[in-house]
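**Q** Just to be clear, the model below is a prediction. Sequence and coordinates:
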Amino acid sequence: MSDFLKKLKSLINKTYFKYLLILSAFIFWMIFLDTNSLLIHAELNREIKKLKKKKDALTEEIVKDKGLIKRLENIDSLELYGREKYNLKKQNEDIFIIEYKLENE
């Protein structure tokens, strides 16, 4: 009877080992070798986070630009903006740019 139990334990251990080996191979395959592996998912998640940050920055810039466009609908604001940013002038008008030199420089 004990011989039978030894054979049964040996068979169970071999079967258990076989299933453990197959399970380990499957887990290794899914983590490292599969086209949808965890490594690729991690890389794609990093890319998604980077793109979301870029999207947020661009959305913020769009909001700023819309505010600028709204302010420039007024002709006086548009003239002031053109004079300050692009040094535009009216006809028969001279512009003098005065730069101040700081003492620390």
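**A** Done, it's in. Numbering: from 1, shown residues only.
**Q** mind listing the helices for the chain?
**A** 2-28, 38-71, 75-86 (DSSP state H).
**Q** wait, which of those helices is closest to Ile95?
**A** Comparison of the helices of the chain against Ile95 by C-beta to C-beta identifies helix 75-86 as nearest, at 7.9 Å. Just so you know, the C-beta spots here come from the backbone N, C-alpha and C atoms, and that holds for glycine as well.
**Q** what about the closest one, average pLDDT?
**A** Averaged across helix 75-86, the pLDDT comes to 86.
**Q** which of the residues in that helix are buried?
**A** Residues of helix 75-86 include none that count as buried (16 or more other C-beta atoms under 10 Å).
**Q** For that helix, give me every contacting residue.
**A** Here helix 75-86 makes contact (C-beta atoms under 8 Å, 6 or more residues apart in numbering) with 71-72, 88-89, 95.
**Q** okay, the helices of the chain in JSON lines with distance to Lys101 next?
**A** Output for the helices of the chain, formatted as JSON lines (distance: least, C-beta to C-beta, whole Å):
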{"stretch": "helix 2-28", "distance to Lys101": "69"}
{"stretch": "helix 38-71", "distance to Lys101": "30"}
{"stretch": "helix 75-86", "distance to Lys101": "20"}
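**Q** Show me the one of those helices that comes nearest Leu102.
**A** Comparing these by C-beta to C-beta, helix 75-86 comes nearest, at 20.5 Å.
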